Each structure stands twice: as structure tokens, then as C-alpha cells.
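Chemist: Model the following, please.
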Amino acid sequence: ELLKRSGKSPGPILKIDEEGFWETKIFERENGEEIQEYYPFYEASVIRPFNEKKILKSPKLYKQFLEAQSMLDSIKNGNTPIDKIIKLDELAKLYAICDMARVNHGFAALNQRWYYDSESLLLEPIAHDFNGESRQTDKTPVIYGFRDTNLVTMTEPKYTIPFLPMNSSKFNELYYKYLNMYC
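Modeler: Sure thing, here's the model as predicted:
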């Protein structure tokens, strides 16, 4: 329905499975022990399509899913520059809008959703789960790329997807263009 209403061609929508994340949350709640920092839930997560049964039944959609899964996996693991995998214009707009609104929850890798555009052969971000954080103050960084936790200094794999775009000069050019436009 989302694709149809947006005038998009049929194609898989993907996400990184959250099961391991929620398992650690439940364990922590039940045992009073924090394990999330050293439990590799992100590294062990798999990439799944929405409407999995439909995808598996259609040779065309299944082939598209495998291609998209490979692309998202390479981004998840930080193996590939995003410039030839993601529609940068759409991603830059999303980052700029969310920065202006100070809603960044949806940037977390496990909250992101991706559409595989079979015409451009690129992944397109789908805005999902963006909400304001109740803990934000006037000192909370607004510009996502200017945070102290930029990918250059990040060591945790779960931060790769949200910060990887900041390593692309083309993305940054578009991102600042939209920040200026939306200001």
C-alpha cells in the first residue's frame, strides 16, 4: 500500500531484524544485568523483507530482495561507500528534516526501513519511527552530522548505518543544501 500510494514500482521493503535487541532488553529487565554493550545483537542480526511470503513466492521479487539484502548488508557492515547504493537525495532530505525537527530516534540502524527501487537499482530510505526524545534539552545537538559520535570516532558496529552517510562528500553537499533550504 505504501509503494502504491507513493507511485513506486513494486519492490521489497527491508529492515534489520530487531529480535536480538529485544531479547537483550527482556533479559536485562528480568535479571537486572546490563548486557547490551557486549552482546553482539546487531552483528548477529539478519536483514528481512516485509511480506516475506509474497517475496519468496515471486521469483522477480525474490531476486530483487537478494540484491537489496546484499546492498544493505554491505552498508550494515560498513564495507561499501553509500554513494552507489542509496538514493542520496532522499536520504539527505530525510536527515535534514529530522535534524530541523530534532527527531532522531528513527536513525538507529534497527529502526530504519529501506525500499529497493527496481528502476534505479538503489535503496531508498523510508521514514519510520521518528519521534522526539523526551530527554532532549537546549544542549542536545541538532545537526546529526556534527555530533561528537561521528563515524570517524565510532567503534561500535551498530552506529555504522546512521553515521556512514557523513563520510560521503556528495551526501554532505546535499544534506547542507537541504538544511539551508529548510531553515
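Chemist: Tell me the confidence at the residue nearest the centre of the chain?
Modeler: The C-alpha lying nearest the average C-alpha coordinate of the chain belongs to Gln112 (CA atoms, centre = their mean; 3.5 Å). Note for Gln112: predicted pLDDT of 84.
Chemist: same question, Lys139
Modeler: Value for Lys139, per-residue pLDDT: 54.
Chemist: and the nearest residue to Glu67 once chain neighbours are set aside, which of the three is it?
Modeler: Nearest non-adjacent residue to Glu67, counting by CB to CB, 6 or more residues apart in numbering: Tyr116, 6.9 Å away. (C-beta placed from N, C-alpha, C; glycine too.) Using DSSP: H, G, I helix; E, B strand; the rest coil, the secondary structure recorded for Tyr116 is strand.
Chemist: residues in contact with Tyr116?
Modeler: Neighbouring residues of Tyr116 by CB atoms under 8 Å, 6 or more residues apart in numbering: Gly11, Pro12, Ile13, Leu14, Gln64, Phe65, Glu67, Ala68, Met71, Leu122, Leu123, Glu124.
Chemist: Against Glu23, how distant is the most far-flung residue of the chain relative to its centre?
Modeler: In terms of distance from the mean C-alpha position of the chain, Asn31 ranks first, at 30.1 Å (CA atoms, centre = their mean). Distance, Asn31 to Glu23, by CB to CB, to the nearest Å: 12 Å.
Chemist: Lys170 reaches Lys84, doesn't it?
Modeler: No: counting by CB atoms under 8 Å, Lys84 is not a contact partner of Lys170; they are 10.2 Å apart.
Chemist: Tell me where the protein has helices.
Modeler: 2-5, 19-31, 41-44, 52-57, 59-76, 88-101, 160-163, 169-182 (DSSP state H).
Chemist: buried sites along the third one?
Modeler: Of the residues in helix 41-44, those scored as buried under the neighbour-count criterion (16 or more other CB atoms under 10 Å) are Phe41, Tyr42.
Chemist: now that helix: how far from the chain's centre is it?
Modeler: Here helix 41-44 is found 15 Å from its chain centre; the criterion is CA atoms, centre = their mean, to the nearest Å.
Chemist: could you give the mean pLDDT of it?
Modeler: Helix 41-44 comes out at a mean pLDDT of 72.
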